[in-house]
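Novice: Sequence first, predicted coordinates after that:
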Amino acid sequence: MGRHRGKYAEEPSGRSRRRRGRGGAFLALAAAMVIVVGLAAVGVYMFGRGDGCGGSDIHLDIAVSPELGPALTDVAGDFNAEEHTVDGNCVRADVRQVDSANVAYDITGSGATMGDTESDVWIPDSSVWTRLVQSQAGDAVITETGTSVARTPLVLAELAEFSESDDEPTTWMDVVPTTAPGEETGRNVRVVDPVRSSSGLGTLYLLHGALEESSPDADTFNAHMTAALQSLHQGASADEDAAFLALSGGDEAAPPVIVMSEQAVWRYNGAHGDAPAQPGYLDDGTYYLDYPYIVRSEESDITRAAEVFRTAVRSDESLQRLLDEGFRGPEGEADPSVLAEEAGFVEDQPAELPAPSEGSITELTRTWTQLKMDSRVLTIVDVSGSMLAEVPGTGLTRMQVTGAASTEGLQMFSDTSELGLWEFSTNVNDDLHYQELAPIRELQAEDDSGTEHRDVLASELQSLEPLPQGDTALYETYLAAYQEMSTNYQPDRTNVILMLTDGDNDDPGGMELDELLDQINDLSSPSRPIPIITIAFGPDVQHLEPLQQIAAATGGAAYMTEDPTEIGDIFLQAFSLRIAEDDGESEESGDSED
């Protein structure tokens, strides 16, 4: 307008000026109308603010699982532009991306957290977190609305170039090994740490259910579950970023198969278009991440604002945004143009298995944590004369079979586990009935020659030689081992004594059972448990009851079999004590022949 006024000011006076005056009147009228219309518009806007947004805004803080962030940030943007109100105040939705486990552990105080977890609305990736909170922090404000913002099933992610459809596992039982260590499965299956990831925890739950259905008894179930957990512990990814890195291959010749959500596979492919992954769907169903809409406030205006935003989240427009990001809708619907068939995705909703209960979640995380804790094991092997006897049908002595089985058992332990080895009989070390063959050290530690401790143990186990005239001084050896482990107890590890013997206590004039139990009772402490696990094998074992009493006194177990070749499987049963259902109570005995 200033430029226009300058132009007219340069015109000559006179007639034209009078005409300009008439034109100016029209322009003034037009300008006035513009102003009036403008004021009217402002009046309408102000009136709208008076009815809807005239007061202070209600800021709705919404913490969402990070993968939901892009879609729900867009939803919140549209929501805010539409000026939804509560009691005449505009509701402003602010979406933040927060790790689900971070929020859950901050509420319960039961795990590590990075803070900044307070919010009015919480949308974690799975209801397992809300159940965990409800079971461990009953006074927490957690209001379930029954709304599942999105859904995505757990699948097996594998680089497409390595995927062979004919070899795809069909059930969760096929996913990880459930037998003694050393058996090759042909697959390197990994999970994200279940303590921090609902996909990892969901995997444990699926395996738990599959094993419960297929196991004939509790001992078999515990042994198989132990094998599965130990396999998954190896190479478990700390978080999803680490899982993506592992899936991409890195330095590995054959990258692993990783259990993750279908939507995570879609996101991975978005960043790795040159080497995409392919999802594998299992025939016996799967667990879904369900993204529940949770309200964490009891303030009236906040709860009503949360309800208004929940309505927006459930709109058709919001659903399409979620489908565009690789999620499925609340009813399992998918967009085939996003989850494309040529990329290995399926449009039909995979069969859904029930979600974990509160008790299952707590038990599974406890189990994982217990097995994650590194072991500190003193293994003691019988080298009495009876170990020279041949095991029928093998052409090997009991000593040779025991050494081979024990060497396989080494594969159960992580590199940071600590193991030591003793041998025992009678008078094997001057007047002592036992002697150390390898000190208790980390398996990855190297000796002066640069040999890893794991290899040192394997070599010692293979070279064990029985003493032809040696008897079986069990009780004195038990006591010496218990004294050693008590003196050097490590509270950050699982301290265990593992005894392998083919006979009853046979030491004339030596320690009696009652004396052993009394001394163990004097040394033991509930806060410093040292379970003694005994695996007795061969026809020379006539009396299991003394071993059962020792097990009961230490929280350990006693196992007996006539066949030493079963030692590998019994290893699993023995160490499955750590995932026994009765927390704090251990089995006193087992018989592999039952």
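Specialist: Arrived safely. Please read these numbers as outputs of a predicted model, since none were measured by experiment. Numbers count the residues shown, from 1 in each chain.
Novice: Ignoring the adjacent residues along the chain, who's closest to the residue nearest the centre of the chain?
Specialist: Note on the chain: the residue nearest the mean C-alpha position is Pro194, at 0.9 Å, using CA atoms, centre = their mean. Distances taken as CB to CB, 6 or more residues apart in numbering place Gly200 nearest to Pro194, at 3.6 Å, with adjacent residues excluded. Glycine gets a C-beta too; all of them are placed from N, C-alpha and C.
Novice: Also Asn429?
Specialist: Nearest residue to Asn429, sequence neighbours excluded (CB to CB, 6+ apart): Gln435, at 3.7 Å.
Novice: Can you report how many residues lie near the residue nearest to Pro194?
Specialist: Per other CB atoms under 10 Å, the neighbour tally for Gly200 reads 27.
Novice: element containing it, please.
Specialist: Assessed by DSSP states H and E, Gly200 sits inside helix 198-214.
Novice: That helix: what's the following helix or strand?
Specialist: Per DSSP H and E, the first helix or strand lying C-terminal to helix 198-214 is helix 218-233.
Novice: buried set for that next one?
Specialist: Residues of helix 218-233 classed as buried: 219-233 (neighbour count, 16 or more other CB atoms under 10 Å).
Novice: what about the strands in the stretch 51-200 of the chain?
Specialist: Applying DSSP state E, counting those that start in this stretch to the stretch 51-200 of the chain gives strands spanning 58-64, 85-86, 89-97, 121-123, 143-148, 152-159, 189-190.
Novice: ok, the fourth one: who's next to it in the sheet?
Specialist: This means strand 121-123. Strand pairing for strand 121-123, using DSSP bridges, gives strand 58-64 (parallel), strand 292-295 (antiparallel).
Novice: what does that strand contact?
Specialist: By CB atoms under 8 Å, 6 or more residues apart in numbering, the surrounding residues in contact with strand 121-123 are 60-65, 68, 72, 103, 149, 291-296, 306, 309.
Novice: again, only this time at 7 Å
Specialist: Outside strand 121-123, the residues that touch it by CB atoms under 7 Å, 6 or more residues apart in numbering are 60, 62-65, 68, 103, 149, 291-296, 306, 309.
Novice: Flag every buried residue along that strand.
Specialist: Within strand 121-123, the residues that count as buried by 16+ other CB under 10 Å are 121-123.
Novice: what's the closest of those residues to Ser300?
Specialist: Val121 (15.1 Å; CB to CB).
Novice: which stretch of helix or strand covers the nearest residue to Val541 once chain neighbours are set aside?
Specialist: Nearest non-adjacent residue to Val541, counting by CB to CB, 6+ apart: Met560, 5.7 Å away. Counting by DSSP H and E, the element that carries Met560 is strand 557-561.
Novice: That strand vs helix 218-233, what angle?
Specialist: 110 degrees (axes from the mean of the first three to the mean of the last three CA atoms, to 10 degrees).
Novice: Now do strand 557-561: distance to the chain's middle.
Specialist: Remark: strand 557-561 is offset 31 Å from the chain centroid, using CA atoms, centre = their mean, to the nearest Å.
Novice: The nearest residue to Gly409 once chain neighbours are set aside: which element?
Specialist: Distances taken as CB to CB, 6+ apart place Phe571 nearest to Gly409, at 4.6 Å, with adjacent residues excluded. According to DSSP H and E, Phe571 maps onto helix 567-575.
Novice: Averaged pLDDT, that helix. What do you get?
Specialist: Averaged across helix 567-575, pLDDT comes to 69.
Novice: Of the contacts of strand 121-123, which is the most crowded?
Specialist: Tyr291 (28 neighbours).
Novice: My guess is that one contacts Ser148. True?
Specialist: Yes. Between Tyr291 and Ser148 there is a contact under CB atoms under 7 Å: 6.0 Å.
Novice: Contact partners for the closest residue to Ser126 other than its chain neighbours?
Specialist: Closest residue in space to Ser126, ignoring its immediate chain neighbours: Ser198 at 3.7 Å, by CB to CB, 6+ apart. The contact partners of Ser198, by CB under 7 Å, 6+ apart, come to 100, 125-126, 128-129, 289.
Novice: May I see those arranged in CSV, with pLDDT and distance to Tyr475 as well?
Specialist: Shown next, in CSV, are those (pLDDT from 0 to 100; distance: CB to CB, whole Å):
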residue, pLDDT, distance to Tyr475
Ser100, 94, 52
Asp125, 97, 54
Ser126, 96, 51
Val128, 92, 48
Trp129, 93, 50
Leu289, 97, 54
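Novice: now those residues as JSON lines including neighbour count?
Specialist: Formatted as JSON lines, the contacts of Ser198 follow (neighbours: other CB atoms under 10 Å):
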{"residue": "Ser100", "neighbour count": "25"}
{"residue": "Asp125", "neighbour count": "26"}
{"residue": "Ser126", "neighbour count": "27"}
{"residue": "Val128", "neighbour count": "30"}
{"residue": "Trp129", "neighbour count": "26"}
{"residue": "Leu289", "neighbour count": "29"}
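Novice: Mark which of the residues you listed are part of helices, please.
Specialist: Judged by DSSP state H, the contacts of Ser198 include 100, 128-129 as members of helices.
Novice: now, which of the residues you listed sits nearest Asn269?
Specialist: Using CB to CB, the ones in helices among the contacts of Ser198 come closest to Asn269 at Ser100, 22.7 Å.
Novice: pretty sure the closest one is touching Asp125, no?
Specialist: Yes. Counting by CB under 7 Å, Ser100 touches Asp125, with 5.0 Å between them.
Novice: tell me which of the buried residues of helix 218-233 is nearest to Gly555?
Specialist: Of all those, Gly555 sits closest to Asn222, with 15.3 Å by CB to CB.
Novice: on that earlier part again, and the contacts of Ser198 as a markdown table, adding distance to Pro529?
Specialist: Below are these laid out as a markdown table (distance: CB to CB, whole Å):
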| residue | distance to Pro529 |
| --- | --- |
| Ser100 | 33 |
| Asp125 | 36 |
| Ser126 | 33 |
| Val128 | 29 |
| Trp129 | 31 |
| Leu289 | 37 |
